[in-house]
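Visitor: Predicted model, plus sequence, below.
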Amino acid sequence: ACNNEKSNDKAAADSGDGYEETTIRLAYNLPQDHHVAVGIEDFAKKVIEKSDGKVNVQVYPAGQLLSDKDMNQSILSGGVEMGVNSSTLWSSTVPAMGVFDVPYIFNDYAAVGEAVNGEFGDKLRGAMEEKGAKVLIFADYGYVQFANNKRPLKTPADFKGLKIRSIGDLPSELIKAYGASPVFMGGGEVYMALQRDTVDGATSGTTAMLQRKYDEVTKYLTVNNYAYLEFLLAVNKDYWDGLPKKTQDLLTEVAAETETWIREQAEKEDTESAKGLEEKGMEVYYVPADELDVWKDAAAPVRDVFVKNAGDLGKELLELVDKK
Amino acid sequence: MKKVYNFLDLLVRWGAYIAGVLILITTAMTFYEVVSRSFFHKPTSWATELSIYAIIGSCFLGSAYAVRTYSHITVDILINNVNDRFKTILAYLTNSLGLVFSIIFTLYSYLHVIKTFNLGVTSASLLRIPMYIPESLLVFGGVLLCIAFILQIIDGGIHRGGEHL
Amino acid sequence: MNLFFTGGMGILLLIGLPVAFTLSLLAVAGMYFFNGGTFAFMQIPIISYKSLDDFTLTALPMYVLMSQVLVVSGVGRDLYEMASRWFRHFPGGLAIATLFCCTVFSAISGSSVATAVTVGSVALPEMVRRGYNKRHVLGLLAAGGTLGILIPPSIPMIIYGSVTGESVGKLFIAGIIPGAILTITFMIFSAYQTRHIKDIPATWGERLEASRKAIWGLLLPIIIIGGIYTGIFTPTEAAAVGVVLSFAIAIFVYKNINLTTLKEILVSTVKTNAMILFIIIGAMLLGYILTILQIPQGIVNFATSQDVSPWIIFILINIVLLILGMFLETVSILVITLPILYPIIIALGFDPIWFAIIMVINMELALISPPVGLNLFVLKGLDKENTISEIVKGVIPYAIIMLVFIIVLSFFPEIATVLVHSDIK
Ligand code: NA
Ligand code: NA
């Protein structure tokens, strides 16, 4: 099971199908049964199949090789050829990636697909390539919501005084904008912190809440779709540029199929997991569409922080999505 | 020459003092976070993140002193059963190997910090700390480790195993 | 290639290169020879930094600091004296007292190393002074320390939960009964092993006097456990509260901490801290290159792909964990193997909560199995007279007890699952 060949070995093509042999090491840090992970595993399988095993995608799942914190640097320095990481973490290297954390810019799943496949996506791809990573897939994790133990959050004013576990800068700015306080702690401590009221609430996608069994330790879920969690399958730019056109085409083609599948899945999973949490006893409040403007207005300071971080490119991205 | 030796030795020792203060600061920050969050409902945005940097610093800045004081755990089955001449050879050998690692570690940490600086990577948090700052603790620690192993080689003498405290 | 790593490790350790640098250098050599030459060296700083980039890890140096304060101030000694006056008239009474302290401390900390450091620094000199065989004491402390990860809170359980999605709260609860059984078994064995030492019973007056003296020390675990279970602070933050309280007790009650002793405390904390953390870095670097080369995955896949009954596969899994446990550090083993093992365990129809407990006991074994066993190193660090081989000899009977306990748990999984599957909300 252990292979001796070096990853960058590109033996001359010797078979009829014409793919050069290469090994792509692909790492991701999501649980294997998450729909993004399932899509990525499928991507790897298809690439291997279609290239008759010449393009060997070696997957390191669920944080086996890299955590979300060292993923970006490992991709950029060629430690792995490909990796999956959240746009939130990429925003520490490419500030414009924070755009997905700007509240309420995408009203539905189709809007995300349209944006990332158009000028909006091109601008982000360009910004990533400048730093040395090429985006192959915008993998939709889905919308993020708030769960808490104090009260149903029916308006932004209900956030006042709550302590909410947060990750990343923009979600934390939103929590502050709504009058709550962001709390920072290790991921493994959140469950117990919710159980023991060390924090009042947390923010995450409902798929993750169900998987992490938030229903056991939190009472209220507010579905306001305030931001969209995007994961990126990125490939080291130098490695990509060294690949033959045929291999690049194959990867791009399979990536496009995978991206569509993941997007459809995200919508399904979001709906089902919110229902699942409700069935397991959480009280779920769906913010009505006509009240979203109140939530959006209260979140205005977050936009300013994003623009401050991401500069002109950030402004352009927001203008592009606002047009819709 | 003696002056240089003493200065370097002092440098290693100061690394340890700073490491100790960093552990104290971590304690103070974490305690402050608990009090501020639980009793005054004001969680901080900095305690968790800065604590991590401080602990990273405490390890890298303290490691060289641990080398100088034989605090790094060593398997001593062979060392305990050979004569002093052989022990001396082993001491030179292991200190040189330690130096080889430390040089590679320092060099590539330096290259990494430069790369982080050029990419402009910040922490993914409210603080948005430029990551080259905490990462340069690796370079400082690496330099101290190189110094410690060089001083060990200069000292010569027999391998003293993994004595401690 | 496997020979390169095992042989290389053997040689480097034997010639006396410290464990931390053996692991690191071996990882560097592995990168150079099998992973694209110096190109792969760019990963060294990335992995080294990531190894320590974890808030839960900040608890470790603070627990080391706390144990130093307890020792220097005499709080630890008074606490231990109390336990000994209550238990010393039993055969092997101090062994029981020590394990009692291990249990208390395990309920405070999520780390075995922290438990071994804190209890060991007080109990080791005391037990040896009272005539206990040093090998027995070292074995007892190394094994007793490992209870830190079985009795909740537990860092490996948190990792298990975050990789697999199992509820950490349920995992903690599952650890309670196995933790209690293992503690009591350890107590019985250690008392039997040291049964020839039996002090005259302390009078009730002496017991109460010692208890009164130890009251400040006793307050410490009560506040910490209370604080964790009422949610005032997290298990990680508990370490900081512990340090602050022990400093407060040392300064205001015992009045024996001054700038000189503070400096000594800090310097020895730094040494122990750097030693442990650098071993973690070395183990992570080695874990990285082994994972890239698919070596652990290959071994696990081999063990689990055999076409035999689920129980044979279960036994093979345990053997693999035992072998990995000899060479790698527990966090690395968990994150490397769980993505492979967890789906297999589910597919074979085993209870994942029960398997978590099996996994944690394997991690306990990893902490005390040479050549790379953090608890062995910690005890070695307590006293320069200690040798690893002495500690290993002392710990073997406890390792056997743990192996037997894995078998017992396999026949009676209810031991781990009964509390979980009853209504706990
Ligand atoms: Na524990
Ligand atoms: Na071990």
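Guide: Here it is on my side, so go on. What you are looking at is a predicted structure, and each value in this text was computed from that prediction instead of being measured. Ligands and ions are numbered 1, 2, ... in the order given.

Visitor: Can you tell me which helices and strands the helix or strand of chain C with the lowest mean pLDDT packs against?
Guide: Least confident helix or strand of chain C, by mean pLDDT, DSSP states H and E, is helix C:155-164 with a mean of 78. Contact here means 3 or more C-beta pairs under 8 Å, 6 or more residues apart in numbering or on different chains; DSSP states H and E; on that basis helix C:155-164 packs against helix C:134-150, helix C:168-193, helix C:330-348, helix C:352-368. Every C-beta, even on glycine, is put in place using the N, C-alpha and C of the backbone.

Visitor: let's go with 6 Å and repeat that
Guide: Here helix C:155-164 touches helix C:168-193, helix C:330-348, helix C:352-368, going by 3 or more C-beta pairs under 6 Å, 6 or more residues apart in numbering or on different chains; DSSP states H and E.

Visitor: can you redo those helices as a markdown table with distance to ligand 1?
Guide: Shown next, in a markdown table, are the helices and strands packed on helix C:155-164 (distance: least, C-beta to the ion, whole Å):
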| stretch | distance to ligand 1 |
| --- | --- |
| helix C:168-193 | 8 |
| helix C:330-348 | 13 |
| helix C:352-368 | 10 |
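
Visitor: what's the most buried one of these?
Guide: Mean neighbour counts were taken over the helices and strands packed on helix C:155-164 using mean count of other C-beta atoms under 10 Å in any protein chain shown, and the top value, a mean of 25, falls to helix C:352-368.

Visitor: For that helix, give me every contacting residue.
Guide: Here helix C:352-368 makes contact (C-beta atoms under 6 Å, 6 or more residues apart in numbering or on different chains) with C:112, C:142, C:146, C:149-150, C:156, C:160, C:166, C:170-171, C:174, C:178, C:321, C:325, C:330, C:345, C:373-375, C:395, C:399, C:402, C:406, C:413, C:416-417, C:420.

Visitor: three-state assignment of the residue nearest to B:H41 when sequence neighbours are not counted?
Guide: In space, and not counting its chain neighbours, B:H41 is closest to A:G161: 6.5 Å by C-beta to C-beta, 6 or more residues apart in numbering or on different chains. Judged by DSSP: H, G, I helix; E, B strand; the rest coil, the three-state class of A:G161 is coil.

Visitor: Report how many residues lie close to A:G161.
Guide: Using other C-beta atoms under 10 Å in any protein chain shown, A:G161 has 11 neighbouring residues.

Visitor: Is there contact, residue-wise, from the longest helix along chain B to chain C?
Guide: Ranked by residue count under DSSP state H, the longest helix found in chain B is helix B:2-40. Yes: residues of helix B:2-40 contacting chain C under C-beta under 6 Å from any C-beta of the partner chain: B:A16, B:A19, B:G20, B:I23, B:T26, B:T27, B:T30, B:F31, B:V34, B:S38.

Visitor: Make CSV out of those and add neighbour count.
Guide: Shown next, in CSV, are those (neighbours: other C-beta atoms under 10 Å in any protein chain shown):
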residue, neighbour count
B:A16, 25
B:A19, 31
B:G20, 26
B:I23, 26
B:T26, 27
B:T27, 24
B:T30, 29
B:F31, 21
B:V34, 22
B:S38, 19
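
Visitor: ok, A:Y226 - contacts?
Guide: Residues in contact with A:Y226, defined by C-beta under 6 Å, 6+ apart, are A:P103.

Visitor: what's the spacing between it and ligand 2?
Guide: Between A:Y226 and ligand 2 the distance is 46 Å, computed by C-beta to the ion, to the nearest Å.

Visitor: Pull out the buried residues from the longest helix of chain B.
Guide: Neighbour-count burial for helix B:2-40, with 16 or more other C-beta atoms under 10 Å in any protein chain shown as criterion, is recorded at B:8-9, B:11-13, B:15-17, B:19-31, B:33-34, B:37-38.

Visitor: The residue of the stretch 1-150 of chain A found nearest ligand 2 in helix, strand or coil?
Guide: As assessed by C-beta to the ion, ligand 2 sits closest to A:Q64 within the stretch 1-150 of chain A, at 19.9 Å. For A:Q64, the secondary-structure state derived from three-state DSSP is coil.

Visitor: So the closest residue to ligand 2 within the stretch 201-324 of chain A versus A:P152, what's the distance?
Guide: Going by C-beta to the ion, ligand 2 is nearest to A:R212 of the stretch 201-324 of chain A, at 30.1 Å. Distance of A:R212 to A:P152, computed by C-beta to C-beta, to the nearest Å: 21 Å.

Visitor: Looking at those two, which is more packed in?
Guide: More crowded of A:R212 and A:P152, by other C-beta under 10 Å: A:R212, with 23 against 13.

Visitor: so what pLDDT did that one get?
Guide: At A:R212, the model reports a pLDDT of 83.

Visitor: what residue lies at the spatial centre of chain C?
Guide: Nearest to the mean C-alpha position of chain C, by C-alpha atoms, centre = their mean, lies C:S112 at 2.1 Å.

Visitor: mind listing what the nearest residue to that residue once chain neighbours are set aside touches?
Guide: For C:S112, ignoring the flanking residues on the chain, the nearest one in space by C-beta to C-beta, 6+ apart is C:G148 at 3.9 Å. By C-beta under 6 Å, 6+ apart, the contact list for C:G148 reads C:S106, C:S109, C:S111, C:S112, C:T115.

Visitor: how far away is B:K42 from B:S36?
Guide: Taking C-beta to C-beta, one finds B:K42 at 5 Å from B:S36.

Visitor: What of B:P130?
Guide: 26 Å.

Visitor: And C:V392, how far from C:T272?
Guide: Shown here: C:V392 relative to C:T272, a distance of 20 Å by C-beta to C-beta.

Visitor: Enumerate the residues of the stretch 201-350 of chain C near chain B.
Guide: Counting by C-beta under 6 Å from any C-beta, the stretch 201-350 of chain C sits next to chain B at C:232-233, C:237, C:240, C:243-244, C:266-268, C:270-271, C:273-275, C:277-278.

Visitor: Select only the buried ones of those in PyMOL?
Guide: A single PyMOL command selects the buried members of these (16+ other C-beta under 10 Å):
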select buried, chain C and resi 232+233+237+240+243+244+266+267+268+270+271+273+274+275+277+278
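
Visitor: check the residues of the stretch 201-350 of chain C next to chain B against ligand 1, which are close?
Guide: Contacts with ligand 1 are made by none of those, judged by C-beta under 5 Å from the ion.

Visitor: Among the residues of the stretch 201-350 of chain C next to chain B, name the ones in helices.
Guide: Short answer: those in helices (DSSP H) are C:237, C:240, C:243-244, C:266-268, C:270-271, C:273-275, C:277-278.

Visitor: ok, back up a step: now the residue of the stretch 201-324 of chain A closest to ligand 2: phi and psi?
Guide: A:R212 adopts backbone torsions of phi -90, psi 10, taken as degrees, to the nearest 10.

Visitor: which residue sits closest to residue 61, ignoring its sequence neighbours?
Guide: Just so you know, I chose chain A. Nearest non-adjacent residue to A:P61 (C-beta to C-beta, 6+ apart): C:P339, at 4.7 Å.

Visitor: wrong one, I was asking about chain C
Guide: Among residues not flanking C:P61 along the chain, C:N273 sits closest, at 4.3 Å (C-beta to C-beta, 6+ apart).

Visitor: who touches that neighbour in this structure?
Guide: Shown in contact with C:N273 (C-beta under 6 Å, 6+ apart): B:S58, C:P61, C:V64.
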